[in-house]
Structure formats: C-alpha cells, structure tokens
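1. show me how the following folds:
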Amino acid sequence: MSKFSLKDLEAIIAAKAADDPQTSWTAKLIAGGPEKIAKKLGEEATETIIAALSEDQASFTAESADLLYHWLVLAHAKGVSVEEVFSELERRTAQSGLAEKASRKAL
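-> Now for the predicted structure:
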C-alpha cells in the first residue's frame with residue numbers, strides 16, 4: 001500500500017501554488033481564484049460520476065485522483081487544511097450519520 005497521503009499532496013500543492021502560472025497547472029488554478037477552481041472541481045466531479053457508472057475501474061481511479069487533487073487546490077485557495085476537514089469528519093463520527101445529517105438541517 002502506498003504511503004502517499006492527502007497531507008503529502010496538500011504540501012505539494014502549497015509549494016506549487018507560488019510557481020509561475022505559465023508553467024504550473026496548480027499555480028494557474030490558484031491564480032484564477034476560487035471560482036475557476038470550483039468550476040474545474042465540478043467538472044471533475046461529473047467525470048468521476050460518469051466513470052463510476054462505467055465498467056472501467058482504471059478510469060474511475062484516475063478521475064477520483066483528479067477530483068481529490070482539484071478539491072485540495074480549492075481547499076488551499078480557501079485556506080482550509082486537510083487537518084481541519086479530518087477534524088470535522090472525526091467530530092461527525094461521534095454520532096450516527098442520520099443524526100448528524102438531521103442536526104445540519106437545524107442550522
């Protein structure tokens with residue numbers, strides 16, 4: 001099993017965010033702002049869904065990687081760390097998924 005983690009990718013994205021947008025896709029996305037990144041994330045989500053409905057596991061794996069990458073770029077642009085998201089997921093696991101979902105409707 002790979003030891004590569006979302007935190008590793010988060011660090012790579014943070015380092016590349018300051019690169020020249022002419023030579024770095026990550027820097028180009030960051031330079032476009034959250035709106036551009038969110039649009040690309042939406043495209044990747046759609047592609048991941050299409051791949052999930054196909055019989056091609058390799059395509060689903062590749063699209064999932066694209067989805068996670070673009071989500072992390074958007075999180076970086078919004079100043080949200082993987083650790084913050086993990087903490088929120090951990091908080092939510094303290095109760096059932098149905099109870100947690102119901103509590104969000106009250107907000």
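2. what's the closest non-adjacent residue to the residue nearest to the spatial centre of the chain?
-> Residue closest to the mean C-alpha point of the chain, counted by C-alpha atoms, centre = their mean, is residue 71 at 2.1 Å. For residue 71, the nearest residue in space outside its immediate sequence neighbours is residue 41; the separation is 5.9 Å by C-beta to C-beta, 6 or more residues apart in numbering. Heads up, the C-betas are built off the backbone N, CA and C, glycines and all.
3. and that neighbour, what is it in contact with?
-> Applying C-beta atoms under 8 Å, 6 or more residues apart in numbering, we find residue 41 in contact with 67, 70, 71, 73, 74.
4. narrow these to those in helices?
-> Applying DSSP state H to the contacts of residue 41, the entries found in helices are 67, 70, 71, 73, 74.
5. would you check that residue 18 makes contact with residue 26?
-> No: when contacts are counted by C-beta atoms under 8 Å, residue 18 is not listed as touching residue 26 (9.5 Å).
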